[in-house]
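[1] Would you be able to build a 3D model of this:
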Amino acid sequence: MKVEIWSDVMCPFCYIGKRRFESALAEFPQADQIQVEWKSFQLNPQMKTEPGRSINDYLAETKGWTPEYAQQVNDQVTNMAAEVGLEYNMDKAVLANSFDAHRFLQFAKTKGLGDAAEEQLFKAYFTDGRNTADHATLIELGTAIGLDAAELKAILEGTRFSEDVRRDIYEAQQVGARGVPFFVLDRKYAVSGAQHTETFLGALQQSFAEWEKANPKPLVNLADGANCIIDGQCD
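    Numbering: from 1, shown residues only. Here you go, the predicted model:
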């Protein structure tokens, strides 16, 4: 059964949601039958990459907050992340347009490395304070998970996988995603936000039960012996 997850690199709740969903999968007996696909979403397509600019200043400007309130919000999110074992260093976060990071993800997906790429991007942004729009950084992250550096460099210098990113963003609109993280299970059920593990587990159980009924496993024939078939012949 497929679970599609729309997310953006700069979304703090997406990384937290990833960990909580992973915890739910760890408790789910049929986890080996779940196929997870990461999907692209841009919270701010017009964002300029501005290394050195405070994320608190950015939030204050875009949301109408004071820098002090933005700091409070980031502190709360940092504490929430710590509860699931993540280290957020929001003071080090580099404001970066995520489009090329999503192209990096799309390429990684073609190699079966979508989840690994998503993990690298989140850690780079929230923990390590890396510039996730910088091509050299993305190539370093890619080689760390087994992508070919030369191929990735050529992709980033061109426009490949741009349409894949745009297609995911369009699909998000079609399935009703207005924010991220947004989880779609078997294209039937949706879970919005970084829900608690119990919520994800319940969603997995409900959607998988229905999926399993619609996709019964063929019987495994353990032994052949003498029998009679429909036309009456026996052997």
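[2] From now on I want contacts and neighbour counts done on CA atoms only, so please keep to that.
    OK.
[3] could you point out which element follows the helix or strand bottoming out on mean pLDDT in the chain?
    Of all helical and strand segments in the chain, the minimum by mean pLDDT, DSSP states H and E falls on helix 55-63, at a mean of 93. Beyond helix 55-63 in the direction of the C-terminus, DSSP states H and E gives the next helix or strand as helix 67-83.
[4] Tell me how many other residues crowd Gln35.
    By the criterion of other C-alpha atoms under 10 Å, Gln35 has 12 neighbours.
[5] buried ones in the least confident helix or strand of the chain?
    Using 16 or more other C-alpha atoms under 10 Å as the burial criterion, the residues of helix 55-63 that qualify are Ile55, Asn56, Asp57, Tyr58, Leu59, Ala60.
[6] Please give the element, helix or strand, for the spatially most central residue of the chain.
    Central residue of the chain (C-alpha atoms, centre = their mean): Trp38, 4.1 Å from the mean position. Using DSSP H and E, Trp38 sits within strand 35-40.
[7] same for that strand, what does it pack against?
    Contacts defined by 3 or more C-alpha pairs under 8 Å, 6 or more residues apart in numbering; DSSP states H and E place strand 35-40 against strand 2-7, helix 114-122, helix 162-174.
[8] Format these as a markdown table; extra columns: mean pLDDT.
    Shown next, in a markdown table, are those (pLDDT from 0 to 100):
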| stretch | mean pLDDT |
| --- | --- |
| strand 2-7 | 98 |
| helix 114-122 | 98 |
| helix 162-174 | 97 |
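[9] from what I can see Val3 touches Lys39, true?
    No. Taking contacts as C-alpha atoms under 8 Å, Val3 lies outside contact range of Lys39: 10.3 Å.
[10] More neighbours: which of the two?
    Each of Val3 and Lys39 has its neighbours counted (other C-alpha under 10 Å); Lys39 has more, 26 against 18.
[11] how long is stretch 135-151 end to end?
    End-to-end distance of stretch 135-151 (C-alpha to C-alpha, to the nearest Å): 12 Å.
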